[in-house]
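S.K.: below are the sequence and a predicted model for it; my questions follow.
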Amino acid sequence: MSKLSPSDTSAAARPADLADSVNSVDSAGLRHSSQQPGAEQHGRRISRVMLLQRELNDKPVPVPRPSAPTATAVARASAALRAHGVEPVGPDCTDHVDLVLVLGGDGTILRAFEIARERDIPLVGINTGHVGFLAEADPDAVEGVVADLVNGRYTVETRMTIDVEVTAPDGGVTHGWALNEAALEKCDRARMLEVAIGVDGQAVSSFGCDGLVMATPTGSTAYAYSGGGPVVWPEVEALLLVPLVAHALFTRPLVLGPESCMEVVIQHAGLGGAEVWCDGRRSLDAPAGSRIRVTRADRPVRLARLNDAPFATRLVRKFDLPVEGWRATSDDPGGIA
């Protein structure tokens, strides 16, 4: 087993003093009571919204079809914003923006979070994709969503993100971040990756696998979930490490504390090496001999919510879970008697 260095084992530092954030006002003018994941901030009236859609940053950029669901919803959203006296702007706007309104699926929303995180403003999504787990509404509710946003009828949750650091054998260091997960994937499809994993400087295990997923609670319903990881409620502060198709006896997913440091040493990676994909969007090269460190990031993202439905309700609805077997009252078919 490759020995993991005990140095630099602490996670990325949290904000200097959470108590100092109580009743503070941020750059977007939102008054909030906590920076912890899941904490709610009260919304305020808005004057300028960045309107993003499904084709954001696609290469090549497809020509939007006027009849496409996303294009139609974007046109309706833009008209509704203007009707309320709010200016819709695009991603190139350099002026102050109150929030990001994005129409698309989860992939589009993850891409839009790159802009929202950089500007430190909330984001609300309208699903025109498939699952839309991060979306707040469907396209038929565009006008209602705009009305709620304009009148400040929303709250803002903070969601944990992770910092990713890859140190190559030659000493070169690259960095990335993710809201959902950092996924280590092999490039040589015919060979397994040989990895050694550790937590807080302590070697834990080594094995062959197709890859690893290092995720946040938000990402626990995404790639990590498909890999057999547990579903973690967004307000829970935790990190996940999920092996993918591991060839070993001890390959259970790990749920770690929020201040833990996950380390992975790539011992062998076949001819093509490996890559670390952040949210399936941004990649970092990781050849054999590389060391990967994943820790909690200082900067979270901010997700606007228009209703106070519990996470379990969202989980059942988005995954279409079978709940008919529960004893239900006539007034609440989805409830438990």
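M.R.: Nice, I can see it.

S.K.: lowest confidence element among the helices and strands of this structure?
M.R.: Here the helix or strand of the chain ranked lowest by mean pLDDT, DSSP states H and E is strand 31-32, holding a mean of 37.

S.K.: hmm, who's touching the host helix or strand of Ala304?
M.R.: Assigned by DSSP states H and E, Ala304 belongs to strand 301-305. With contacts defined as CB atoms under 8 Å, 6 or more residues apart in numbering, strand 301-305 is touched by 40-41, 43, 99, 113, 116-117, 120-124, 134, 136, 149, 154-159, 161, 179. Just so you know, the C-beta spots here come from the backbone N, C-alpha and C atoms, and that holds for glycine as well.

S.K.: and that strand, which residues are buried?
M.R.: For strand 301-305, burial by neighbour count (16 or more other CB atoms under 10 Å) applies to Val301, Arg302, Leu303, Ala304, Arg305.

S.K.: from the chain's centre, how far out does that strand sit?
M.R.: The chain centre lies 11 Å from the centre of strand 301-305; the measure is CA atoms, centre = their mean, to the nearest Å.

S.K.: next helix or strand past that strand?
M.R.: As assigned by DSSP H and E, the chain's next helix or strand after strand 301-305 is helix 311-319.

S.K.: could I have the CA atoms of that next one written out in PDB?
M.R.: In PDB, the C-alpha atoms belonging to helix 311-319 read as follows (Å, rounded to 0.1, in the frame of the first residue of the first chain):
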ATOM      1  CA  PHE A 311     -36.100  17.300   1.000                       C
ATOM      2  CA  ALA A 312     -37.900  13.900   1.300                       C
ATOM      3  CA  THR A 313     -40.800  15.300  -0.800                       C
ATOM      4  CA  ARG A 314     -38.400  16.400  -3.500                       C
ATOM      5  CA  LEU A 315     -36.600  13.100  -3.400                       C
ATOM      6  CA  VAL A 316     -39.900  11.100  -3.900                       C
ATOM      7  CA  ARG A 317     -41.100  13.400  -6.700                       C
ATOM      8  CA  LYS A 318     -37.800  13.600  -8.700                       C
ATOM      9  CA  PHE A 319     -37.000   9.900  -8.500                       C
END
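
S.K.: quick one: the strands in the stretch 1-150 of the chain?
M.R.: In the stretch 1-150 of the chain, the segments counted as strands under DSSP state E, counting those that start in this stretch are 24-25, 31-32, 40-42, 48-53, 87-89, 99-104, 123-127.

S.K.: flag the shaky bits of this protein, pLDDT-wise.
M.R.: For the chain, the stretches with pLDDT under 70 are 1-43, 54-68, 326-337.

S.K.: can you do 90?
M.R.: In the predicted model, the chain carries pLDDT under 90 at residues 1-47, 53-72, 105, 128-133, 188-191, 248-251, 270-272, 307-309, 314, 317-337.

S.K.: where along it do the helices fall?
M.R.: With helices called from DSSP state H, the chain shows them at 69-83, 106-119, 142-150, 223-226, 311-319.

S.K.: okay, angle between the last one and helix 106-119 too, please.
M.R.: Okay, so that is helix 311-319. Here helix 311-319 points in a direction 140 degrees away from that of helix 106-119 (axes from the mean of the first three to the mean of the last three CA atoms, to 10 degrees).

S.K.: which of the residues in helix 311-319 are buried?
M.R.: Buried, per 16+ other CB under 10 Å, within helix 311-319: Phe311, Arg314, Lys318.

S.K.: quick check: closest non-adjacent residue to the first one.
M.R.: The reference is to Phe311. Once flanking residues are discounted, Phe311 sits nearest to Trp233: 5.3 Å by CB to CB, 6 or more residues apart in numbering.

S.K.: I'd guessed the one you found sits against Thr216; true?
M.R.: No: at 11.8 Å, Trp233 does not count as touching Thr216 under the criterion of CB atoms under 8 Å.

S.K.: neighbour count winner among these two?
M.R.: Taking neighbours as other CB atoms under 10 Å, Trp233 and Thr216 compare with Thr216 leading, 30 against 14.
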